[in-house]
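A.B. asks: The following comprises the amino acid sequence and a computationally predicted model.
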Amino acid sequence: MPAQTNDQRWVAAAAAGDESAFRDLYRAYVRPVYWIAHGILGSAADAEDVTQETFVAAWRKLPGFVLQGDSVLPWLATICRFQSANRLRRQRRDAAHTADAVDETLPGTVSVEEQIITTELAETIVAAVGTLSELDREIFLLCAAEGYAYQAAADHLGVSHSVVRNRLSRARTHVRGAVKEASEA
């Protein structure tokens, strides 16, 4: 039986009530979820709120959740899209009920097509990262997703700065290639 991924371990532990496992899951995916929300809402403040709402909803749904695949990001992206759509509906409703609202359209709203493209992009990135070796995947997640500096990632993983720099460069090239290939398909 293949070894469990971090996501699989975190989901199983968090579903059983382990708050530290959920914190690890949050740290791993807060940035991608934020950027999905920001892409839909166009507002940093709204994206921050929706990101938090996404993780609150995820925490509540974890006991019945079964992870399909190696990454929890597609599930979190789906929750984020629903939370973002709810926020947009609330904003439109509030604007419609405001006496000085000129029209119901909000600047920066994103079409359903753009939301799908954002989700497909996230799924393409997750799939590409999933094909990396374990060390490359860890380096990519630490540096690209969690914002670790090269040396901090190197210290965390017990490798040299140059290993992190070189492997991250190759991983980014691989992910960019997968994204480009998917966009041309």
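C.D. replies: Nice, I can see it.
A.B. asks: quick one: low-confidence ranges for this protein?
C.D. replies: Within the chain, the segments meeting pLDDT under 70 span 1-4, 97-119, 145-146, 185.
A.B. asks: ok, now with 80
C.D. replies: Applying pLDDT under 80 to the chain flags residues 1-5, 68-69, 93-127, 129, 141-149, 179, 182-185.
A.B. asks: Break it into its domains for me.
C.D. replies: Domains of the chain are assigned by automatic domain parsing as 1-130, 131-185.
A.B. asks: Reformat those domains as JSON lines; add mean neighbour count.
C.D. replies: All C-beta atoms are positioned from the backbone trio N, CA, C, and that covers glycine. As requested, the domains of the chain are exported to JSON lines (neighbours: other CB atoms under 10 Å):
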{"stretch": "domain 1-130", "mean neighbour count": "16"}
{"stretch": "domain 131-185", "mean neighbour count": "15"}
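A.B. asks: Helices along the protein, start to end?
C.D. replies: Ranges of helices in the chain, per DSSP state H, are 6-15, 19-41, 44-61, 73-96, 112-130, 134-140, 150-157, 161-184.
A.B. asks: Compare these and give me the one nearest Leu67.
C.D. replies: Nearest of these to Leu67, taken as CB to CB: helix 6-15 at 4.9 Å.
A.B. asks: Work out which residue lies at the spatial centre of this structure.
C.D. replies: Nearest to the geometric centre of the chain sits Pro32, at 3.0 Å (CA atoms, centre = their mean).
A.B. asks: Show the contacting residues for that one.
C.D. replies: Taking CB atoms under 8 Å, 6 or more residues apart in numbering, we find Pro32 in contact with 73, 76-77, 122, 125, 145.
A.B. asks: mind running it again at 6 Å?
C.D. replies: By CB atoms under 6 Å, 6 or more residues apart in numbering, Pro32 lies in contact with Leu73.
A.B. asks: repeat for His161
C.D. replies: With contacts defined as CB under 6 Å, 6+ apart, His161 is in contact with 150-151, 154.
A.B. asks: Go through those residues and say which is closest to Ala96.
C.D. replies: For the contacts of His161, the nearest to Ala96 is Tyr150 (49.7 Å; CB to CB).
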